[in-house]
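# One predicted model, sequence on top.
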Amino acid sequence: MTRWTYVFGKGQADGEGSWKELLGGKGANLAEMTRLGIPVPPGFTISTECCATIVERDGRWPEDLPGQVEQGLAFVEEATGRRFGDPEKPLLVSVRSGAAVSMPGMMDTVLNLGLNEDTLPGLAAAGNERFAWDSYRRLVQMLGDVVLGVDHDAFEEILGAARRDQGAKADHELDAASLKKVVARYLALVEETTGKPFPRDPHEQLRLAIDAVFRSWNIPRAVRYRELNDIRGLKGTAVNVQAMVFGNLGESSATGVCFTRNPSTGEDAFYGEFLQNAQGEDVVAGIRTPLPIERIDEILPGMLGQLLDIKTRLEQHFRDMQDVEFTVQDGTLYMLQTRTGKRTAHAAVRMAVEMVGEGLIERNTAVRRVEPSSLDQLLHPQFDPAAERNVAATGLPASPGAASGQVVFDADTAEEWNARGQLVVLVRNETSPEDIGGMHVSQGILTARGGMTSHAAVVARGMGTCCVAGCDDLVIDGAARTARVGGHALAEGDWISLDGSTGEVMLGMVPTVEPELSGDFGTLMEWADAARRLKVRTNADTPADAERARSFGAEGIGLCRTEHMFFGDDRIAAVRRMILSTSDRQRQAALDELLPLQREDFTGIFTAMAGLPVTVRLLDPPLHEFLPHERPQQEELARSLGWEVDAVVERVEELSEMNPMLGLRGCRLGITFPDIYDMQVRAIFEAAGLCQQRGVDARPEIMVPLVGTRAELAALRERILAAEPALREASGFDGPVLIGTMIEVPRAALTAGEVAEVADFFSFGTNDLTQMGLGLSRDDTGPMIRAYVKQGIYERDPFASLDTTGIGRLVEIAVSDGRGTKPTLKVGICGEHGGDPASIRFFHGAGLDYVSCSPFRVPIARLAAAQAALG
């Protein structure tokens with residue numbers, strides 16, 4: 001017999017905290033809290049392996065599971081002194097999900113299972129009649145919505161009508177008589193919608209709820225969450241069946257969510273909220289605005305001290321910030337969950353550094369703990385403090401950051417507008433898990449209801465998205481698709497700005513400024529730098545980009561794309577004259593015009609990167625990309641050249657290619673039109689000489705692109721070396737100049753031993769290497785790739801994260817064969833993959849010397865390289 005269930009509570013725990021793969025994070029930590037002697041309502045966990053088995057069996061339970069569920073119920077009955085379905089002392093249970101990786105709000109939960117007309121009087125005797133009817137209406141609504149497919153809004157309409165009839169502002173103000181009527185209408189709604197009466201048998205309710213939670217593993221919002229957060233390889237969700245404890249029992253009861261440290265700022269301060277006389281769903285759903293946890297002693301004297309004691313014990317034990325849920329039932333505290341808390345990047349960095357100072361963790365643990373990609377949150381602009389702010393209202397600062405965008409009122413519209421390139425701010429009464437897609441693409445999120453631990457707040461913080469929650473001055477008219485905020489009218493498409501650090505909601509767009517990084521950030525980066533082996537360079541084409549990257553810790557430039565320099569208004573005309581020239585004299589005249597501009601470009605970049613290597617890629621794209629293809633622009637070009645329009649059109653057509661990615665570009669261009677590369681090489685030497693005269697340590701490296709054979713690189717290398725003595729004499733530059741190539745054609749990777757004979761360095765251009773190796777155009781295959789990832793054909797988008805099995809094998813061959821020929825060969829990577837943490841782990845293992853990425857991804861690469869080294 002396979003074991004599917006594991007009990008916890010009342011001093012007994014079959015599992016432990018390290019069993020997350022089997023019991024899910026929630027189940028494993030409930031077992032661990034039991035072992036620590038922390039008060040946990042008793043229950044049992046059905047394993048993730050059971051979920052995988054049920055999915056394989058198309059929803060059918062293993063034959064031995066019902067008996068094990070009954071055994072688990074018997075344990076809970078004995079631990080509580082109550083019986084499931086007993087009219088006098090009924091046991092009620094909750095059914096909650098819990099995967100190995102936290103997925104807050106993405107899967108289903110059902111509370112108060114075991115209630116019906118027979119058991120309700122017994123529950124009322126334990127509390128009061130109002131509490132019993134409130135619990136029953138919650139059960140009917142949750143089971144009806146989650147399991148039976150009854151529209152959630154239909155339940156809400158009935159509840160709203162009851163509030164209006166009684167004159168109540170909130171659900172908790174409804175009396176027993178009103179709730180009894182609500183339940184009757186709920187039951188009628190279920191039967192009307194499903195054609196069957198609401199299931200009264202407690203055991204049937206439990207089985208339906210367990211099935212629903214297992215099914216929720218593959219519902220769209222859960223699948224989407226795993227896709228967005230790159231969660232892979234899990235068996236499924238565990239199911240936790242646990243005795244109910246009631247925060248809605250009366251005025252001496254409450255429920256809340258807390259973090260052992262502030263998840264927004266990282267401050268070592270207990271942070272959370274609670275609701276009196278409520279169940280946990282009320283806090284998370286944002287239906288009522290909760291009170292800060294500091295005020296709990298005003299209602300439940302002495303409770304804050306108990307919570308702080310448990311907070312300290314949990315953090316000391318898990319050695320990380322914890323996100324905890326609790327319920328107080330008639331003055332007695334119970335812990336329902338603990339898990340590693342989601343946090344902003346700013347908070348993650350601060351916590352990691354401060355925990356080292358406190359002796360909780362070591363430096364290398366701190367380096368491992370911060371997700372590299374999350375640093376992106378720290379590196380982008382914030383609102384300019386000197387800018388005028390037209391503040392319309394203020395809500396709760398639920399997730400820090402600055403966001404401006406056009407107002408949209410639902411998640412589908414957010415995704416649709418984002419696909420058109422529009423920046424959006426999602427404005428909702430409250431968010432729900434179904435909104436996950438729209439939340440992901442929004443610049444910011446604004447809600448009228450909810451607190452600092454509402455769904456919107458928790459998910460936004462995890463995404464690094466700015467969020468303002470609980471804005472009381474926001475009134476939304478969903479039908480009219482309008483809103484009023486602080487008395488100001490908002491229509492869909494209007495611009496607003498959100499400050500997630502202050503909670504301010506502003507009309508219009510507010511200017512931003514570059515961020516200032518904290519001392520903790522610098523400390524963590526120092527620790528990362530001490531741990532890593534890979535160097536980190538940047539891809540930069542301007543002095544401004546180079547300076548920014550250097551401020552982020554770049555150790556040189558791995559890719560300076562010279563073609564980007566040719567599109568400026570002060571030079572595109574000369575470029576076009578060079579391309580359209582009909583004689584060597586005309587072409588040279590245009591190149592002579594471009595030479596000082598290129599020299600100025602390189603001088604600025606060498607100066608910004610003084611003392612560090614700068615790899616300059618010679619012109620790569622096909623020439624027709626610099627020419628206009630629309631008739632009005634062609635006419636304008638003809639006038640500027642004094643040509644006939646037809647002559648310009650004819651020349652453009654001559655240079656056009658059916659497949660330019662594989663056409664006359666890269667080294668082929670340099671071999672066909674060598675005077676273009678001659679000009680660029682001359683500009684490099686002259687710029688380096690000028691820097692040397694000014695006392696600037698310039699370290700140029702010349703990179704020849706798109707080499708496929710040794711002969712191509714040898715021909716261009718020989719031409720550069722032949723010109724070098726004269727260029728050095730004229731410029732006065734006497735420093736070293738390396739000549740290498742990009743490995744982006746599969747043949748070059750497979751013959752790298754030969755290519756290395758005439759190369760001082762290799763730099764993998766993994767963008768083109770991926771295109772050619774997989775036979776994919778990254779400009780045309782986006783929808784196909786997304787479909788492949790969704791179907792599991794590709795694990796990830798190969799242009800975002802390296803295909804380590806296929807393209808990675810080409811990299812490994814080239815590194816091995818290249819260094820077999822030339823052991824001192826320097827090897828790096830300058831494609832988009834240079835800033836992807838998963839790819840960086842591969843490049844570390846493959847023995848590369850450096851990665852190169854965009855300026856804002858330099859800190860991400862530094863941290864990812866350290867984590868790769870630490871393993």
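Thanks, I have the structure now.
# where in the chain is pLDDT low?
284-287, 380-381, 433, 452-453, 462, 516, 568-569, 779 (pLDDT under 70).
# can you tell me which residues contact the most centrally placed residue in it?
Taking C-alpha atoms, centre = their mean, the centroid of the chain lies closest to residue 463, which sits 4.9 Å from it. Residue 463 makes contact with 228, 439, 440, according to C-beta atoms under 8 Å, 6 or more residues apart in numbering. Heads up, the C-betas are built off the backbone N, CA and C, glycines and all.
# between the residues you listed, which is nearest residue 500?
Closest approach to residue 500 among the contacts of residue 463 (C-beta to C-beta): residue 439, at 13.4 Å.
# can I assume that closest one is in contact with residue 447?
No - shown here, residue 439 and residue 447 do not form a contact pair, counting by C-beta atoms under 8 Å, at 10.6 Å.
# Just want to know which of those two has more residues nearby.
Taking other C-beta atoms under 10 Å, residue 439 and residue 447 do not tie; residue 447 has more neighbours (28 against 24).
# what about residue 573, which helix or strand?
helix 572-580 (DSSP states H and E).
# residue ranges of the helices in the stretch 351-500 of the chain, please?
For the stretch 351-500 of the chain, applying DSSP state H, counting those that start in this stretch gives helices covering 363-369, 411-419, 436-441, 455-463.
# now for the shortest one, which elements pack on it?
It stands for helix 436-441. Where contact means 3 or more C-beta pairs under 8 Å, 6 or more residues apart in numbering; DSSP states H and E, helix 436-441 is packed against helix 220-228, helix 411-419, strand 424-428, helix 455-463.
# And the helix or strand following the helix holding residue 573, what's buried?
Counting by DSSP H and E, the next helix or strand C-terminal to helix 572-580 is helix 584-608. For helix 584-608, burial by neighbour count (16 or more other C-beta atoms under 10 Å) applies to 587, 590-591, 593-595, 597-608.
# before we move on, the earlier item: mutual contacts of residue 439 and residue 447, please.
Here residue 439 and residue 447 share the contacting residues 431, 456, scored by C-beta under 8 Å, 6+ apart.
# how many other residues sit next to residue 37?
Residue 37: 9 neighbours (other C-beta under 10 Å).
# In space, what's closest to it - neighbours in sequence excluded?
In this structure, residue 37 finds its nearest non-sequential neighbour in residue 11, 7.9 Å apart by C-beta to C-beta, 6 or more residues apart in numbering.
# That neighbour reaches residue 36, doesn't it?
No - applying C-beta under 8 Å, one finds residue 11 not in contact with residue 36, separated by 11.0 Å.
# Neighbour count for those two, which is higher?
The neighbour comparison of residue 11 against residue 36 (other C-beta under 10 Å) goes to residue 36, with 17 against 10.
# so what's that one up against?
313, 314, 317.
# gap between it and residue 302?
The gap separating residue 36 from residue 302 is 21 Å, by C-beta to C-beta, to the nearest Å.
# do residue 477 as well
Distance from residue 477 to residue 302, counting by C-beta to C-beta: 45 Å.
# and stretch 626-637, how far apart are its ends?
Its first and final residues considered, stretch 626-637 spans 12 Å by C-alpha to C-alpha, to the nearest Å.
# let me redo that: stretch 292-300
13 Å.
# buried ones in it?
By 16+ other C-beta under 10 Å, the buried positions in stretch 292-300 come out as 293, 296, 299, 300.
# can you list contacts of stretch 324-333?
39, 127, 245-247, 249-250, 252-260, 272, 279-280, 300, 303, 306-307, 310-311, 314, 334-338.
# follow-up on the earlier one: show me which parts of the helix holding residue 573 are buried, residue by residue.
574, 575, 576, 577, 578, 579, 580.
# cool, and stretch 65-79?
For stretch 65-79, burial by neighbour count (16+ other C-beta under 10 Å) applies to 65, 68, 69, 72, 73, 75, 76, 77, 79.
# among those, which are in helices?
Counted as lying in helices by DSSP state H, out of those, are 65, 68, 69, 72, 73, 75, 76, 77, 79.
# Roughly how far does the fifth one sit from residue 127?
Just to be clear, that refers to residue 73. Per C-beta to C-beta, residue 73 is found 22 Å from residue 127.
# What of the third one?
Distance, residue 69 to residue 127, using C-beta to C-beta: 27 Å.
# Then residue 544?
Distance of residue 544 to residue 127, given as C-beta to C-beta: 66 Å.
# Neighbour count for those two, which is higher?
residue 127 (18 against 13).
# ok, the residue nearest to residue 645 when sequence neighbours are not counted - how many residues close by?
In this structure, residue 645 finds its nearest non-sequential neighbour in residue 638, 4.4 Å apart by C-beta to C-beta, 6+ apart. By other C-beta under 10 Å, the residues close to residue 638 number 18.
# same deal with the one 3 residues further on?
Neighbouring residues of residue 641 were enumerated by other C-beta under 10 Å; the total is 15.
# ok, it touching residue 574?
No - using C-beta under 8 Å, residue 641 is not in contact with residue 574; the gap is 11.2 Å.
# between the buried residues of stretch 65-79, which is nearest residue 145?
Relative to residue 145, the closest of these is residue 69; by C-beta to C-beta it sits at 23.1 Å.
# from what I can see that closest one touches residue 46, true?
Yes - counting by C-beta under 8 Å, residue 46 is a contact partner of residue 69 at 7.3 Å.
# intersection of neighbour lists for these two?
With C-beta under 8 Å, 6+ apart as the test, residue 69 and residue 46 both reach 5, 210, 241.
# any idea how far residue 210 is from the first one?
If you measure residue 5 against residue 210 using C-beta to C-beta, the figure is 11 Å.
# Quick check: neighbours shared by those two?
What both residue 5 and residue 210 touch, as defined by C-beta under 8 Å, 6+ apart, is the set 46, 69.
# Figure out which of the helices and strands packed on helix 436-441 is closest to residue 532.
Proximity to residue 532, assessed across the helices and strands packed on helix 436-441 by C-beta to C-beta, is greatest for helix 455-463 (26.2 Å).
# The stretch 701-850 of the chain: helices as residue ranges?
Using DSSP H, counting those that start in this stretch, helices in the stretch 701-850 of the chain cover 710-731, 746-750, 752-755, 766-774, 782-791, 807-821, 837-846.
# The third one: how far from the chain's middle?
Between the mean C-alpha location of helix 752-755 and the chain-wide mean there is a distance of 39 Å, by C-alpha atoms, centre = their mean, to the nearest Å.
# what do you get for the longest one?
Taking the mean of its C-alpha atoms, helix 710-731 sits 46 Å from the chain's own mean (C-alpha atoms, centre = their mean).
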